[in-house]
Structures are given as structure tokens and as C-alpha cells.
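Undergrad: Quick one, what's the 3D model for this:
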Amino acid sequence: MAAPMHEQKRDLLQSHFLFGKLEPGEIDTLATRARVESYRAGQEIFAKGSPGRTMIAILQGSVKIVSLSPTGKEGVPHVIPAGNVFGEIAVIDGGERTVGAAAMTDCELLIIDRRDVLPMLERHFEICMMLMQILCQRLRLTGEQVEDVLFRSRGLEARVAEQVEELGRVGRLKRFLAPQLAELIVSQGDEKVLESHRREIVVVFCDLRGYTAFTETAEPEDQFEFLRQYHGALGPLITQFEGTLDHFSGDGIMVFFNDPVPCPDPAERAVKMARAMRQEAGKLIATWLRDGCELGFGVGIAQGYATLGQIGFAERSAYTAIGTVCNLAARLCAEANDGQILISSRVARAVEAVASLEDLGNLELRGFRRPVAAFNVVQSTSPAEARPNLTVVARRPEA
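TA: Model (predicted):
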């Protein structure tokens with residue numbers, strides 16, 4: 001039989017109740033690594049007592065699962081048609097198979113190795129729970145098989161408990177970190193990076209021009225819908241550029257870079273994210289204008305040292321930055337006109353090779369006794385300038 005195309009293998013895995021919970025990239029990886037084998041009718045696929053090292057998906061034909069009585073007599077076979085997967089339980093611990101399998105008809109099978117699939121399944125809590133349910137169903141068996149299932153379920157229960165604890169930690173971190181950064185911190189087993197400390201960061205503030213006037217006449221329901229659209233458009237960009245979300249406050253958003261996971265190019269990431277936000281906000285503003293809402297969008301970016309850590313109480317906490325650099329970014333944002341991204345001189349020096357800048361001279365900013373040099377990031381149509389940086393940098397040890 002001709003080997004199925006990659007898309008066929010992927011579609012079969014996607015339709016399975018377990019594999020369908022995986023990420024698309026994980027399914028593609030499994031489809032690439034899985035091998036195709038052909039069997040003639042009656043040919044043994046695996047024997048009872050053989051090591052459970054694979055899961056099997058039936059691409060074509062059918063397979064019968066064979067159990068033997070204590071006297072060695074073959075029981076009534078259970079037939080599995082094409083489009084199904086079997087062998088899930090054996091993959092959990094790699095123990096001996098409790099039944100055998102043979103081709104009912106000529107068939108073509110997709111063989112999925114335990115080493116490839118198990119790490120993926122264990123990263124997903126929902127899949128672990130499904131596997132637990134499968135094990136529990138086996139409790140209908142008797143004698144030695146029940147003891148075997150109970151032994152396996154205890155092992156899976158421990159794994160599920162660990163997974164629940166890890167998911168809780170990742171969930172808390174994902175409230176203010178990009179998912180990949182949250183998972184990186186948890187995988188390293190070191191959440192001390194969230195304790196109070198001092199570090200140089202790049203802070204981004206952005207909000208809408210004219211929003212306060214809009215809220216004076218808009219109904220609360222309209223304001224909620226308005227903010228859902230706004231946050232829904234800009235929020236994913238924070239994740240894309242691997243920023244740390246400090247907070248949403250109405251139309252105001254504060255994001256910072258280089259903490260808790262340091263990166264080599266925080267100013268460049270911040271400016272590229274701000275440009276992407278300006279583009280997305282511009283689309284929304286054009287739509288709102290047709291509805292009679294005249295709004296604008298401005299950004300302020302500054303670089304400097306801040307104190308960072310968690311604040312709040314046991315039931316509710318947040319990760320935040322405190323320092324002059326935050327105030328400066330906020331004041332630059334307030335000074336920006338529609339479409340402007342105002343940056344401090346330190347940020348300008350860091351991005352002058354990758355961004356077109358307009359020198360605005362020194363600005364008098366509220367709360368700052370001395371004038372502050374500011375630059376505007378000029379809008380550009382260059383695709384290279386809009387390209388994101390997506391490399392996650394492992395946390396460097398503190399000095």
C-alpha cells in the first residue's frame with residue numbers, strides 16, 4: 001500500500017479524542033515521526049506480554065484485539081475499525097501488554113512511539129484526566145487485571161497531581177507573562193525571579209487620545225465592548241513580542257521588557273511592539289470613526305532601573321515595576337499626539353539602527369524638574385522594521 005501523505009496522518013491524529021487536545025505543532029511532529037507499517041489479514045501485530053512501547057492508529061483495514069482464557073483458549077475478539085487508535089494504556093508506563101492484536105483484514109497502521117508521544121501527553125492536564133478515566137473503566141476487569149490497573153492508576157494519579165500543581169503555577173504566571181516565558185520559569189523550577197529585586201527595564205505606556213471624552217457620553221455597555229475590541233487587538237502583541245504585562249487600566253496599558261526573564265534587545269522589542277500596536281489601533285480607530293467616535297493612539301517608551309516584584313495579598317497578587325522610568329514612560333505617552341511613539345534618549349540610542357526617528361528636542365514633562373530629550377518613532381512601510389523578535393532567552397544568573 002502507498003504510504004499516506006503527511007496531511008492524512010495529521011488529520012487522523014487530530015480527530016482522536018486524545019491527540020486532538022494537542023497543539024497543532026505537536027500533532028505535526030507526531031505525524032512526521034510516526035511510521036507506517038502494512039499487515040496481511042491474520043498477521044500478528046503484537047503478542048500478549050510484549051512491551052507496551054507504541055500506540056497504533058489504523059489508517060486502513062481493521063484490527064482484532066485478542067484475549068486468552070487461563071486455559072489458553074482465544075476469547076471473542078474485539079474488532080477495531082479504521083480511523084481509531086489503540087494502545088493508550090500501554091504507553092503510560094511501557095509495561096507488558098495484557099492482550100494481543102492481529103490484523104483482521106489487510107491493513108495499514110500508523111505506529112506512534114512511546115518516546116515521542118508520552119512527553120506531549122503529560123504536558124496537558126486535560127489529557128492526563130482522560131487517561132485516568134480510561135484506567136478507571138478498566139476496573140470492571142477482575143482478578144489480576146484489576147490489581148494491575150490499580151497499580152497503574154496510582155502512578156497516573158501522582159502524575160496528575162504534579163500536573164495540577166504545575167498548571168497552577170503556570171496559570172498564575174500567565175496573568176502577566178507571555179505563555180512561553182511562564183512555562184520557561186516553571187520548567188526551570190525557580191520562581192524566585194519574581195521576588196523583589198532591582199533591574200534595568202524598558203517600559204511601554206500606551207493609551208487612547210479622546211477616550212475620557214468618549215466615556216462621558218457612551219453607555220457603560222458600549223464602553224465594555226469598546227475595551228474588549230481594543231484589548232483583544234493589542235493584548236496578543238504583548239505575547240508575540242514577549243513583554244511582561246504590568247496592567248490594563250481602562251484604555252491604558254503598561255508593559256515592560258527585560259524582566260523577569262532578561263533579553264538582549266529590550267528596547268528594540270519594545271519599539272517593534274509599539275509600532276505593531278500603532279498599526280492595529282489605527283485599524284480600530286478607522287472603524288470607530290465611521291461610528292462617530294474620534295479617537296487617537298499614543299505611546300511612550302523609556303529605559304532605566306526599577307524595583308520589581310509581586311504586590312498584593314494571598315488571594316490576589318500582581319507582578320509590577322516601580323520607579324522613575326515608569327513615570328517617564330507615562331509622561332511621554334501623555335505628551336504624544338495621535339500616531340506618535342515618543343521615546344527617551346536611552347531608547348533612541350538603542351534603536352537608532354532599526355528605526356526612523358524624529359528629534360523633538362527637550363520636552364517639559366509634568367513631574368520632572370528638568371526638560372527631557374524625546375524622539376518620535378516615524379511611521380515606516382518597511383517590512384523589516386515590523387519583524388518581531390521571538391527568541392526566548394534563558395534567565396541569566398544574578399551577579
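
Undergrad: top strand in this structure by residue count?
TA: Using DSSP state E, we find that the single longest strand of the chain is strand 296-313.

Undergrad: State the next helix or strand along the chain beyond it.
TA: strand 316-322 (DSSP states H and E).

Undergrad: Contact partners for the closest residue to residue 298 other than its chain neighbours?
TA: Distances taken as Cβ to Cβ, 6 or more residues apart in numbering place residue 336 nearest to residue 298, at 3.2 Å, with adjacent residues excluded. Any C-beta I mention is one placed from the backbone N, CA and C, and that applies to glycine too. Residue 336 sits next to 298-300, 342, 376 when contact means Cβ atoms under 8 Å, 6 or more residues apart in numbering.

Undergrad: The host helix or strand of residue 205 packs against which elements?
TA: Assigned by DSSP H and E, residue 205 belongs to strand 197-209. Judged by 3 or more Cβ pairs under 8 Å, 6 or more residues apart in numbering; DSSP states H and E, strand 197-209 is in contact with strand 252-257, helix 266-290, strand 296-313, helix 324-335.

Undergrad: Packed most tightly, which of the ones you listed would that be?
TA: strand 252-257 (a mean of 23; mean count of other Cβ atoms under 10 Å).

Undergrad: Who does that one pair with, and is each partner parallel or antiparallel?
TA: Sheet pairing of strand 252-257 (DSSP bridges) gives strand 197-209 (antiparallel), strand 244-249 (antiparallel).

Undergrad: and the angle from that strand to strand 316-322?
TA: 70 degrees (axes from the mean of the first three to the mean of the last three Cα atoms, to 10 degrees).

Undergrad: what's strand 252-257 in contact with?
TA: So strand 252-257 is contacted by 201-207, 231, 234, 238, 241-247, 263, 266-267, 269-270, 273, 306, 321, 326, 329-330 (Cβ under 8 Å, 6+ apart).

Undergrad: Kindly recompute the last result at 7 Å.
TA: 201-207, 234, 238, 243-247, 263, 266, 269-270, 321 (Cβ atoms under 7 Å, 6 or more residues apart in numbering).

Undergrad: for stretch 277-288, same thing?
TA: Against stretch 277-288 from outside (Cβ under 7 Å, 6+ apart): 206, 229-230, 233-234, 237, 295-297, 299, 339, 341.

Undergrad: wouldn't residue 210 be in contact with residue 295 here?
TA: Yes: using Cβ atoms under 7 Å, residue 210 makes contact with residue 295 at a distance of 4.7 Å.

Undergrad: Which one's more surrounded, these two?
TA: residue 295 (19 against 16; other Cβ atoms under 10 Å).

Undergrad: how about the helices of the chain, start to end?
TA: Remark: helices assigned in the chain by DSSP state H are 6-15, 24-33, 88-93, 114-122, 125-137, 143-174, 179-188, 211-217, 220-240, 266-290, 324-335, 345-351.

Undergrad: Lowest mean pLDDT across those helices, which one is that?
TA: Sorting these by mean pLDDT places helix 143-174 lowest, at a mean of 54.

Undergrad: Residues in a beta bridge with residue 363, which ones?
TA: On the basis of DSSP bridges, residue 363 is bridged to residue 372.

Undergrad: Contact partners for the residue nearest to residue 356 when sequence neighbours are not counted?
TA: Once flanking residues are discounted, residue 356 sits nearest to residue 378: 4.2 Å by Cβ to Cβ, 6+ apart. Applying Cβ under 7 Å, 6+ apart to residue 378 gives the contacts 356-358.

Undergrad: For residue 310, list the residues it contacts.
TA: By Cβ under 7 Å, 6+ apart, the contact list for residue 310 reads 194, 317-319.

Undergrad: still on that earlier bit, just put the contacts of residue 336 in TSV and tack on distance to residue 257 and pLDDT.
TA: Below are the contacts of residue 336 laid out as TSV (distance: Cβ to Cβ, whole Å; pLDDT from 0 to 100):
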residue	distance to residue 257	pLDDT
298	19	97
299	14	98
300	14	98
342	17	98
376	20	97
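
Undergrad: Would you format these as a markdown table with distance to residue 288 included?
TA: Shown next, in a markdown table, are the contacts of residue 336 (distance: Cβ to Cβ, whole Å):
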| residue | distance to residue 288 |
| --- | --- |
| 298 | 16 |
| 299 | 18 |
| 300 | 22 |
| 342 | 23 |
| 376 | 23 |
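
Undergrad: Between the residues you listed, which sits nearest residue 49?
TA: residue 299 (65.9 Å; Cβ to Cβ).

Undergrad: In the sheet, which residues pair with that closest one? Tell me.
TA: Under the criterion used (DSSP bridges), residue 299 bridges to residue 206, residue 341.

Undergrad: for it, what are its contacts?
TA: Counting by Cβ under 7 Å, 6+ apart, residue 299 touches 204-206, 274, 277-278, 333, 336, 341.

Undergrad: ok, residue 196 - how many residues close by?
TA: Counted with other Cβ under 10 Å, residue 196 comes out at 10.

Undergrad: tell me the contacts of the nearest residue to it once chain neighbours are set aside?
TA: Leaving out its chain neighbours, the residue that sits closest to residue 196 by Cβ to Cβ, 6+ apart is residue 309, at 3.4 Å. Counting by Cβ under 7 Å, 6+ apart, residue 309 touches 194-197.

Undergrad: Cross-check the contact I'm expecting between residue 104 and residue 63.
TA: Yes: counting by Cβ under 7 Å, residue 63 is a contact partner of residue 104 at 5.8 Å.

Undergrad: For the contacts of residue 299, work out which two are farthest apart.
TA: Longest span within the contacts of residue 299, Cβ to Cβ: 205 and 278, 13.3 Å.

Undergrad: domains in this protein, as residue ranges please.
TA: What automatic domain parsing lists as the domains of the chain is 6-121, 124-174, 193-386.

Undergrad: and the closest residue to residue 223 other than its chain neighbours, how many neighbours does it have?
TA: Leaving aside its chain neighbours, residue 223 sits nearest to residue 215 (5.9 Å; criterion: Cβ to Cβ, 6+ apart). Neighbourhood size, residue 215 [other Cβ under 10 Å]: 15.
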